[in-house]
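[1] Got a predicted structure plus its sequence, pasted below:
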Amino acid sequence: MNKLNIQLKKIEHFVKYPSMIPYIGQDYELDLHKKLLLIGESNYLPEESEIHLDDKKWYKSSEDDLTDEEIEWINCRGLLECNWDSPGHFIYRELNRSLQEVLPISTVDNKTRAISHCAFMNCFQRPSTTGNSIKNLCTRMDIDESNKTKSSVIEIIKPDIVIFVSKLSWDLVGKNYKDNRFDFVCHPGTGGRYWHNNKYPHGKRKFISILKKRFIFHFNKTTLIHKEESHEK
């Protein structure tokens, strides 16, 4: 894991904004499942922030130009590891619940979140303003920076499966990938309108289906017990 972190820190965008380095769960490389990368949409900055409103200014700037509060808002790993109390953390709670549904019970306990079994990053490397979707800001530069940064991350952490958990991210960036490792679902934050709507084809039901078919290894009982005992050691 340390080797991955060292390599990720060398990616150009993360040299400028180290707080945006993707989250790599401690169980990402566990041999009970394949390596899964989840790709969200974007971070957000407080309503009064302005540095991100111009794409050129954002990509020429660095974390040194941000306030402590702004840095906290773009801290990818911090967001995946915090308490998830606010409404804005709904996406993490929903992804975690879904992973809990498909992972073997013995791999998830009260001390470890199920999301520790995957990696997570946002698609767009420029934040939006809280309450406003990145789709209202997105430019060609954002798409280019997204492609460049994501490709570097994927090359380093080598996921077996990549799921965009945002249809916007998929439509603007993800669908250009022809590799069968890539798939998408809607943003979990869409709640009952899409995510929990069983009539909508790209919601939670699809996410669970992908995880069951392509993320979890289907061992026979003897093999599974052996694998779990090895993990405990």
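    Happy to help now that I have it.

[2] Work out for me the element L37 sits within.
    Under the criterion of DSSP states H and E, L37 resides in strand 36-39.

[3] partner strands of that strand, parallel or antiparallel?
    With DSSP bridges as the test, strand 36-39 is paired with strand 119-121 (parallel), strand 161-165 (parallel).

[4] What segments of the chain are strands?
    For the chain, the strands defined by DSSP state E cover 23-24, 36-39, 44-45, 119-121, 128-129, 161-165, 182-185.

[5] which one of these is the most hemmed in?
    Comparing those by mean neighbour count (mean count of other Cβ atoms under 10 Å), strand 36-39 comes out on top with a mean of 25. Where you see a C-beta, it was placed from the backbone N, CA and C, and this is true even at glycine.

[6] can I get the CA coordinates of that one in CSV?
    The C-alpha coordinates for strand 36-39 follow below in CSV (Å, rounded to 0.1, in the frame of the first residue of the first chain):
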residue,chain,number,x,y,z
LEU,A,36,-12.4,-2.2,-7.2
LEU,A,37,-12.1,1.5,-8.0
LEU,A,38,-15.2,3.6,-7.5
ILE,A,39,-15.3,7.0,-9.3
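
[7] the bottom helix or strand of the chain by mean pLDDT?
    Least confident element among the helices and strands of the chain, by mean pLDDT, DSSP states H and E: helix 221-232 (a mean of 43).

[8] List the contacts of the strand holding L37.
    22, 28, 95, 117-123, 150, 153-154, 157, 159-166, 169, 174, 211, 215 (Cβ atoms under 8 Å, 6 or more residues apart in numbering).

[9] Could you tell me the angle between the longest helix seen in the chain and strand 161-165?
    Counting by DSSP state H, the longest helix found in the chain is helix 140-157. Helix 140-157 and strand 161-165 are oriented at 150 degrees to each other (axes from the mean of the first three to the mean of the last three Cα atoms, to 10 degrees).

[10] Begin at 59, not 1, for the rest of this chat.
    Fine by me, first position is 59 from now on; the one you just mentioned is helix 198-215.

[11] and helix 198-215, how far out from the chain's middle?
    Computed by Cα atoms, centre = their mean, to the nearest Å, the chain-centroid distance of helix 198-215 equals 13 Å.

[12] Please apply the same query to stretch 260-273.
    Relative to its chain's centre, stretch 260-273 lies at 15 Å (Cα atoms, centre = their mean).

[13] For that stretch, measure first residue to last.
    When the termini of stretch 260-273 are compared using Cα to Cα, to the nearest Å, they are 17 Å apart.

[14] Going by neighbour count, list what's buried in that stretch.
    Residues of stretch 260-273 classed as buried by neighbour count (16 or more other Cβ atoms under 10 Å): 260-266, 268-269, 272-273.

[15] Tell me which residues touch N194, please.
    N194 is in contact with S186, counting by Cβ under 8 Å, 6+ apart.

[16] Look up the pLDDT of it for me, please.
    pLDDT for N194: 94.

[17] Give me the distance between it and K270.
    35 Å (Cβ to Cβ, to the nearest Å).

[18] List the buried residues of stretch 207-224.
    207-208, 210-212, 214-215, 217, 219-224.

[19] that older thread, now render the strands paired with strand 94-97 as CSV, adding mean pLDDT and distance to K118.
    Formatted as CSV, those follow (pLDDT from 0 to 100; distance: least, Cβ to Cβ, whole Å):
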stretch, mean pLDDT, distance to K118
strand 177-179, 98, 21
strand 219-223, 98, 27
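
[20] Can I get the ones you listed in JSON lines including distance to K68?
    Formatted as JSON lines, the strands paired with strand 94-97 follow (distance: least, Cβ to Cβ, whole Å):
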{"stretch": "strand 177-179", "distance to K68": "15"}
{"stretch": "strand 219-223", "distance to K68": "21"}
